[in-house]
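> Model the following, please.
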Amino acid sequence: MYTINYEGDVDEEMVVFFVKELNSATGDEDMTIYLSSDGGTMACAEVIIDVISRAAVNRNVTLVANWSVSSCGALIFLESICNKCVLPSAHGVLHELSSYDNSLMMKREDPLHVGLEKSHAKLQESKMKLFRIIGLSEKELSDIKKGKDIYFDAERLREFVANVEAARAENLKDLQKGLIDHFSGETDGDRK
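You can find the predicted model right below:
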């Protein structure tokens, strides 16, 4: 078994660390990744989610929530497609994504600024969808939109993971049904 321990910010150094570590693993040996992070940049989080999920295609990968998994750290834990384990000491916080600092330096009509704003809005929308999937209440969702933090413990994190896995299973079932319908030529109307 190959074991990785990461404690720190979600940043470019974390991306380099994970790419290097995951490339060091040999063959299809099982891998356990202990993660503790209070967050960082969403761009780096998305790369790490992708790297971990791709590693899990060819081997058994278990991502372990170790101590704090907050902000982007929580998103990495929840969105990576692999096995999950939540240690009893795990806890964290979810909140609205921060805006892009460099966009504040640009003129509002600058095409790059407009593009960053649109990209950020889509990313924020996708994270709010995730927050609904994991089971945040309407009050919690409203609080996030108001800029408040939502704190969780290990038990609640386990509930979040179960909800994400249930949603993935449902999506897979819908996708498989759609593929069967596509290749059989059947439509919902044909079955009635």
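> can we go C-alpha only for contacts and neighbour counts from here?
Will do.
> Just name the shakiest helix or strand of the protein by mean pLDDT.
Lowest on mean pLDDT, DSSP states H and E among the helices and strands of the chain sits helix 188-191, with a mean of 50.
> Apart from its chain neighbours, what residue comes closest to the residue nearest the centre of the chain?
Among the residues of the chain, the one closest to the centroid is residue 79, at 2.6 Å (CA atoms, centre = their mean). Once flanking residues are discounted, residue 79 sits nearest to residue 49: 6.5 Å by CA to CA, 6 or more residues apart in numbering.
> Check the gap between that neighbour and residue 140 for me.
For residue 49, the distance to residue 140 equals 25 Å [CA to CA, to the nearest Å].
> go on, residue 149?
For residue 149 relative to residue 140 (CA to CA), the value is 9 Å.
> Between those two, which is the more surrounded one?
residue 140 (19 against 16; other CA atoms under 10 Å).
> Just to check, that one is in contact with residue 150?
Yes - counting by CA atoms under 8 Å, residue 150 is a contact partner of residue 140 at 6.8 Å.
> Could you check how far the longest strand anywhere in the chain is from the centre of its chain?
For the chain, the longest strand by residue count, based on DSSP state E, is strand 61-69. Centre-to-centre, strand 61-69 and its host chain are 12 Å apart (CA atoms, centre = their mean, to the nearest Å).
> From here on, call the first residue 48.
OK, 48 is where the count begins now, so the last one is strand 108-116.
> Counting by contacts, list what it packs against.
For strand 108-116, the packing partners by 3 or more CA pairs under 8 Å, 6 or more residues apart in numbering; DSSP states H and E come out as strand 78-84, helix 119-126, strand 130-133, strand 138-141.
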